[in-house]
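[1] no sequence for this one, just the structure:
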Ligand SMILES: O=C(CO)[C@H](O)[C@H](O)COP(=O)(O)O
Ligand SMILES: [Co+2]
């Protein structure tokens, strides 16, 4: 079964509690929290405080995507604030193996992410140690961008490596996911779909948009 992780990057922060209820009602299992530092990516967003606030109002699994330089300086803070998954970027980690171990030692699930132009080869040696691999299907920094099509080949390549080596990490895909491409993304091997603008900015409403992503994923899993 495919998991839906709506990204609150596109949510209405003044109505966040209500909007989180709507994604829950639509059937989402996680909530995706995009943390940006204005250095690794050209945008600034939120910190551990939002994770703590979400943990008080929702039981959705808190899925933290760190788009920051020197992630090792913030891993403790995010885990202590109630993050359940902490994903760091390969491109931002000088000592990736050490940082993944640090996330796990904090009792969180550890994820590694790669930008669209980064080859799977770059994370080959860490695949046995991570709980999740996040394939970015847009250049990180902003919501509402268009899905980069060659990401599908990267998902397929990673899925093949996972199968051939008997590994069991989740494949998460983030950026430009909509009701129209969810089927192909899941068919390629994705287990978790992150969706921001197609959930929170849709004319169909939040609950219905999550349901449509769920339905598209279900069709791909038949
Ligand atoms: O990590 C991200 C951007 O860097 C976001 O999670 C992602 O872009 C989700 O937004 P959308 O679904 O609108 O593309
Ligand atoms: Co993200």
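    It's in. Worth saying up front: this structure is predicted, and the values here are computed from it rather than measured. Ligands and ions are numbered 1, 2, ... in the order given.

[2] C-alpha from now on. contacts and neighbour counts both.
    Will do.

[3] Can I take it that residue 103 is in a helix?
    Yes - applying DSSP: H, G, I helix; E, B strand; the rest coil, one finds residue 103 inside a helix.

[4] Tell me the residues of this structure that contact ligand 1?
    7, 34, 140-145, 174-177, 195-198 (CA under 6 Å from any ligand atom).

[5] Flag the shaky bits of the chain, pLDDT-wise.
    Confidence mapping of the chain against pLDDT under 70 gives zero matching residues.

[6] Grab the longest helix from it for me.
    helix 206-221 (DSSP state H).

[7] how far does that one sit from the chain's center?
    Helix 206-221 sits 17 Å away from the centroid of its parent chain (CA atoms, centre = their mean, to the nearest Å).

[8] Show me what it is packed up against.
    Applying 3 or more CA pairs under 8 Å, 6 or more residues apart in numbering; DSSP states H and E, one finds that helix 206-221 contacts strand 3-6, helix 16-26, helix 182-188, helix 197-200.

[9] Just after the second one, pick out the following helix or strand.
    Note on helix 16-26: by DSSP states H and E, the next helix or strand toward the C-terminus is strand 30-36.

[10] ok, now the third one?
    Remark: after helix 182-188, the chain's next helix or strand is strand 192-195, criterion DSSP H and E.

[11] Okay, buried residues for the longest helix of the chain please.
    Applying a neighbour-count criterion of 16 or more other CA atoms under 10 Å, the buried positions in helix 206-221 are 206-217, 220.

[12] In the residues you listed, find the pair that's most separated.
    With distances taken as CA to CA, the most widely separated pair in these is 206 and 220, at 21.6 Å.

[13] Quick check: which element contains residue 134?
    Using DSSP H and E, residue 134 sits within strand 132-136.

[14] Ok, residue 86 next?
    Residue 86 belongs to strand 85-89 when assigned by DSSP H and E.

[15] So what's the residue count around residue 158?
    22 (other CA atoms under 10 Å).

[16] Quick check: it is in a helix.
    Yes - counting by three-state DSSP, residue 158 is found in a helix.

[17] And it, how far from residue 197?
    Noted for residue 158: a distance of 26 Å to residue 197, by CA to CA, to the nearest Å.

[18] Stretch 113-128: end-to-end distance?
    One end of stretch 113-128 sits 14 Å from the other (CA to CA).
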